[in-house]
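A.B. asks: curious how this folds, go ahead:
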Amino acid sequence: VVIEAGKYMGLVSAADLLARAYSGWAYFRESRRRRSPRCDAPASQAPAQPQLRQTMQWSWHLGRIAGIDLNVHVTFPVLFVWVIVSGLRGGATAAAALSTALLLLAVFAIVVLHEVAHALVARRFGIRTRDITLLPIGGLARLERMPDDPRQELWVALAGPAVNVVIAVVLFVVLQAGPL
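C.D. replies: Next comes the predicted model:
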C-alpha cells in the first residue's frame, strides 16, 4: 500500500520512497533542534519562558518530584475503578479487589520512578522536563528537547529501563530471602 501510494506521488521505487521518508525525518529533526533553545544558552539568546506551564489536556496535578510536576490523566482513575469493579463483579472478595488495587498502585509507582529516571538523566545533560503524566498505558516524561549528542540521547533512553532492572533485582533478592 505504501509503495503504491509512493508510485502515485511520482516516486519510482521503494528505495526512492524510503530515501524521501528519511530526508523528511532528518528535516523534521533538524527543524526541532533549531526551534528548541538550550537550557544553558545565555539569557540574551534564550527566548522568554511563558509563566503558565502547559500541561497535557485532561490531566490533574498530583504534586512535584525532584522539581518536576507530576500529573495524572483523567482516564487513569477510570482504569483504577474499572479494575476494582471488574474484580468484584467477577466474584472476587473485597480483600482480593483491594490487593489488586494496591498492586496497580505499586505498578504505577514503578512507572513514576522509571519516568523520573529519564528526567533526571536529561537534567544532567541540561535538558528540562516539563512534566510527567501518568496514563493508563504508562507514563510520559515531556522533555523540552532531545539531546543533540546521540550518546546523551542513549543515556536518557536507558535510564528508565535501568531503574526497572534495579527494582527487579531488589525484589528478587527480597523474595528469595523468604518471610521476615
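A.B. asks: only C-alpha atoms for contact and neighbour calcs from this point on.
C.D. replies: OK.
A.B. asks: distance check, residue 84 against residue 59.
C.D. replies: Counting by Cα to Cα, to the nearest Å, the gap from residue 84 to residue 59 is 22 Å.
A.B. asks: pLDDT weak spots in this structure?
C.D. replies: 1-56, 180 (pLDDT under 70).
A.B. asks: now the helices for it?
C.D. replies: Per DSSP state H, the chain has helices spanning 2-8, 14-35, 75-89, 94-124, 150-177. These are given in chain order.
A.B. asks: these: which one's closest to residue 135?
C.D. replies: When the helices of the chain are compared by Cα to Cα, helix 75-89 sits nearest residue 135, at 5.6 Å.
A.B. asks: helices or strands up against that closest one?
C.D. replies: helix 94-124, strand 129-135 (3 or more Cα pairs under 8 Å, 6 or more residues apart in numbering; DSSP states H and E).
A.B. asks: just want the angle from that helix to helix 94-124.
C.D. replies: Going by axes from the mean of the first three to the mean of the last three Cα atoms, to 10 degrees, helix 75-89 is angled at 160 degrees with respect to helix 94-124.
A.B. asks: isn't residue 157 up against residue 119?
C.D. replies: No: with contact defined as Cα atoms under 8 Å, residue 157 and residue 119 do not form a contacting pair (9.8 Å).
A.B. asks: okay, these two: which has more neighbours?
C.D. replies: For residue 157 versus residue 119, the count of surrounding residues by other Cα atoms under 10 Å is larger for residue 119: 26 against 16.
A.B. asks: skipping adjacent residues, who's closest to that one in space?
C.D. replies: Distances taken as Cα to Cα, 6 or more residues apart in numbering place residue 129 nearest to residue 119, at 5.9 Å, with adjacent residues excluded.
A.B. asks: who's the one you found bridged to?
C.D. replies: Assessed by DSSP bridges, residue 129 has beta-bridge partners residue 143.
A.B. asks: one more: residue 63?
C.D. replies: Assigned bridge partners for residue 63, using DSSP bridges, are residue 70.
A.B. asks: tell me who's in contact with it.
C.D. replies: 69-71 (Cα atoms under 8 Å, 6 or more residues apart in numbering).
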